[in-house]
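Asks: would you be able to build a 3D model of this:
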Amino acid sequence: MSTVDATADQPAIAQVSPGMEVQDAAGVAVGKVGAVQQPDTDVRPELPAGPAELYMSTGYLLVDRGEQFENDVYVSGAQVDHVTGTGDGALVTLNVSWTEVERAVD
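Replies: This is a model prediction of the structure:
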């Protein structure tokens, strides 16, 4: 299994695609990637002004927390540490705790 870390040439978010599992820095399951926007996107996440613009500049993931949780969460591209594997078995690991990610606004 290969691991892709963020580099100056290509951020780790460039390797992320919908359906990948997401875990936080401690290995706690966060959910599955529902959508991904690459850095400098024009697509605004459903977040308050300020954080939304930051996420647009770094790129972001919308992580589906599953039906047992009330809100999906956003993860900025800067919070993506590395991607392990490819395809259905790929895993996105964050460099923060899941409690530090932004909840999506309903």
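Asks: roughly how far is the strand ranked longest in the chain from the heart of the chain?
Replies: In the chain, taking DSSP state E as the definition, the longest strand is strand 29-37. The chain centre lies 6 Å from the centre of strand 29-37; the measure is Cα atoms, centre = their mean, to the nearest Å.
Asks: immediately after it, which helix or strand?
Replies: Downstream of strand 29-37, the first helix or strand assigned by DSSP states H and E is helix 51-58.
Asks: elements contacting that next one?
Replies: strand 73-76 (3 or more Cβ pairs under 8 Å, 6 or more residues apart in numbering; DSSP states H and E). Using the backbone N, CA and C atoms, a C-beta is placed for each residue, glycine as well.
Asks: partner strands of whichever helix or strand comes after the strand it packs on and their direction?
Replies: The helix or strand immediately downstream of strand 73-76 is strand 80-84, counting by DSSP H and E. The pairing partners recorded for strand 80-84 under DSSP bridges are strand 3-5 (antiparallel), strand 91-94 (antiparallel).
Asks: which of those comes out lowest on mean pLDDT?
Replies: Among the strands paired with strand 80-84, strand 3-5 carries the lowest mean pLDDT, a mean of 54.
Asks: ok, then the element right after that strand?
Replies: strand 21-23.
Asks: which strands and helices lie in contact with that following strand?
Replies: Strand 21-23 packs on strand 29-37, strand 91-94, going by 3+ Cβ pairs under 8 Å, 6+ apart.
Asks: of these, flag the one that's most buried.
Replies: strand 91-94 (a mean of 22; mean count of other Cβ atoms under 10 Å).
Asks: next secondary structure after that strand?
Replies: Immediately after strand 91-94, counting by DSSP H and E, sits strand 102-103.
Asks: point out where the chain drops to low pLDDT.
Replies: Within the chain, the stretches with pLDDT under 70 are 1-8, 68-69, 104-106.
Asks: hmm, try it at 50
Replies: Along the chain, segments meeting pLDDT under 50 span 1-2, 7.
Asks: separation between Gly34 and Glu21?
Replies: 12 Å (Cβ to Cβ, to the nearest Å).
Asks: before we move on, the earlier item: nearest to Gln15, out of the helices and strands packed on strand 21-23?
Replies: Judged by Cβ to Cβ, the one of the helices and strands packed on strand 21-23 that comes nearest to Gln15 is strand 91-94, at 8.4 Å.
Asks: no more questions from me, cheers.
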